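K.L.:
Mind folding the following:
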Amino acid sequence: MKGKAVKEALSSFTASSSIVPFPEVTLLKKAAPLLLAAAMLLLCSTSLCAATNYDLVLHGNYSSDCLYDLILLNDSTAVAVGVTSLPDNRRDDMLFLWVNSSHGVIKALSWGSSSSIATKGIEYAWSVAKHPSGDIIVGGESRYGYYYSVTLRLKPNGDIVYAKRWLVNSSISGVSAVATLPDGDIVVFGGVRISDSHRTYIARFSGDLSDMKWGIILQKGKSDCFSAAAVDVDEDCLYLAFSSNGTTYAAYDFGTFVKMNLTDGSIIWCKTLDRINDWACHAILYRAVVPVDDGFIAVGDNQNSRNITAVRINSDGSLGWIEEYSIVEDGSPYYTYSYDATLHNSLCYILGGTEVSVEGAFRPVPFIFYIDPSCGACSPLAQGFFIRYVTSTMSFYPWGGLELSSTGKYWFCGCATPGSLHNCTLDIECTRHPWHDQLIMVDCQWVKVSNASITPEDADPSLYQLSELPLESVDISSADACMVYPSTSVTFWYNLPMGWNLISLPVSPSPSGAITLDDLLEGFEGSYVAFTWNSSTRKYVDVNALEPSRGYWLYLSDSFIARVRGTPMYNLTLDLQAGWNMVGSIYGKDATASDSNIYPDFFTWSSDKEDYVERSSLPEGYGAWILAYKPTTVQLT
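P.N.:
Residues are numbered from 1 along each chain as shown. Below is the predicted model of the structure:
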């Protein structure tokens, strides 16, 4: 109990406690002069969410987990890959996640090594591809002393066919992207560091990685790696887009593009997008390459104008067109960034990100729009998704894996801190800048080529382990619903308004099973106090700690975002006294209770209505009243 504000609140509370603030069976009796407010709850920190009419797949574990790439195995199953700190709070392991079309988690696996040394035991999965056999090919890196390139081949059920790692020319390296060919061969794209310079390597292997058919190293400038690449099987070639990292050119870099023979790895042409007049300073960071008829489209970000830029390059290396795209809200443009692109039904779909004004502050917003590959004209509207944030530190970023199913649904993956998922529609405007007319394609003279020496070795199974992660699914019926991919310990967030809040713990804090008010409200500068209801004595009791299964009135002198970490409570057994009982919630879903000895609904508090609300189910994190006709035991599920 802190300060004068709490004493005044306590005085008001105890003065009204003879009129116990719980709802009557006659439905909803107000709590005398008390102003009560329920917490507006955020989604769990480890969750998958589906936006209405879309399959939007996200994974995050309190800002430490992320998904980087995704493929559709078919219209009903997607596989996403990334990084996780599970199980058992290991530093970083590769994450493989199978999700079905109804948004349920089929399987979740982690693969990696464990070490107490800070530079060891770190694995990332950056890319995933579907093999003609139906197997799944994953590319990434392992930081175990050295940086190793890593490629895994998994059966559709998650069984490992092989896990290989290698150095390139005895130097540290990593796989950034993988592609599979109709004959079963695998192409890997990655980075290698030689003599303190970053270079690009590309290699074509047999499907079992036993035979490297060719491998080359490309060096553009002093220290530049490719930004994006793609295979065009119909043209028997592959395309690469290079961007400057700022060490090569002081003023600009519109991009360098390479076309290579897929059969032998030879370079067909190397072109640079150059300016005619020395007056424009721009640099384009490329994120995706999309093969189209007679050429490809490279999508990236103009680092000067902060707009998404798409460049059409013809198969002979000539320039087709260049366009820029910006998001406009109420006539005001916003910076935009690209993350991925894909071709679907002869249109090029682009996954982008921006920051728009949401509830009085600028928040990250992923969005999707499409362009016509022949001319670059774009769709008039973009579909956007945003997290309804409550603090400026919360974020929602896509990473890639943009896929469209045959039914027209979008899939992509990324990472997000907790929030409530919503849809938004954004105006998108195509703009063309004068400097586009000052660009031409010229032969590139500064890309050096050398041979790559690669010998894949089996990743030691005693060092690298495959683990199955715990799963729990709940039904999804709206854009705000979640299915839960939990760990043994998760973080739950509250957005608590000033005044009285009726809350509960949907997790069991470790190790004691309770959390003190001081810990729950760590960092809160104001005054606070909490009470719970004793159903036996029919009196309120002030508390200094909270535990699962109970409901609590929590008073705050100011609004605050609180969090609690612990083991998820997926069900609860409640021993109820005759009369009113203040109960807690479970984790991951709205809880229900069915028993002939209780009134069928829960009563929570609405701060908007300043009144009780009767509910057929109890949202996670909320506290509620249950009326029992006689002593009984009920299950919350």
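K.L.:
Number of residues surrounding residue 354?
P.N.:
25 (other CB atoms under 10 Å). Backbone N, C-alpha and C define where each C-beta goes, glycine included.
K.L.:
Could you count how many residues lie near residue 295?
P.N.:
So residue 295, with other CB under 10 Å, has 21 neighbours.
K.L.:
typed the wrong thing, it's residue 455
P.N.:
Residue 455: 10 neighbours (other CB under 10 Å).
K.L.:
how close does it sit to residue 371?
P.N.:
Distance of residue 455 to residue 371, computed by CB to CB, to the nearest Å: 42 Å.
K.L.:
Find the nearest non-adjacent residue to residue 625, please.
P.N.:
residue 603 (4.3 Å; CB to CB, 6 or more residues apart in numbering).
K.L.:
secondary structure element for the one you found?
P.N.:
Secondary structure from DSSP states H and E places residue 603 in strand 602-606.
K.L.:
For that strand, give the mean pLDDT please.
P.N.:
Averaged over strand 602-606, pLDDT sits at 86.
K.L.:
and the angle for the helix or strand just after that strand with strand 602-606?
P.N.:
Sequence order places strand 611-615 as the next helix or strand after strand 602-606, per DSSP H and E. Relative orientation of strand 611-615 and strand 602-606, computed by axes from the mean of the first three to the mean of the last three CA atoms, to 10 degrees: 140 degrees.
K.L.:
Counting by contacts, list what strand 611-615 packs against.
P.N.:
Judged by 3 or more CB pairs under 8 Å, 6 or more residues apart in numbering; DSSP states H and E, the packing partners of strand 611-615 are strand 602-606.
K.L.:
Flag every buried residue along the strand it packs on.
P.N.:
Buried residues in strand 602-606, defined by neighbour count with 16 or more other CB atoms under 10 Å: 602, 603, 604, 605.
K.L.:
What segments of the stretch 201-350 of the chain are helices?
P.N.:
Counting by DSSP state H, counting those that start in this stretch, the stretch 201-350 of the chain has no helices at all.
K.L.:
Show me the shaky parts of it.
P.N.:
221-225, 244-253, 275-282, 328-333 (pLDDT under 70).
K.L.:
can you give me the strands for it?
P.N.:
With DSSP state E, counting those that start in this stretch applied, the stretch 201-350 of the chain shows strands at 212-220, 226-232, 237-242, 256-261, 267-275, 284-292, 295-302, 308-314, 319-329, 332-334, 336-344, 347-358, listed in chain order.
K.L.:
For those, give me a markdown table that also has distance to residue 187.
P.N.:
A markdown table is the format used below for the strands of the stretch 201-350 of the chain (distance: least, CB to CB, whole Å):
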| stretch | distance to residue 187 |
| --- | --- |
| strand 212-220 | 10 |
| strand 226-232 | 6 |
| strand 237-242 | 7 |
| strand 256-261 | 10 |
| strand 267-275 | 15 |
| strand 284-292 | 13 |
| strand 295-302 | 16 |
| strand 308-314 | 20 |
| strand 319-329 | 25 |
| strand 332-334 | 37 |
| strand 336-344 | 18 |
| strand 347-358 | 22 |
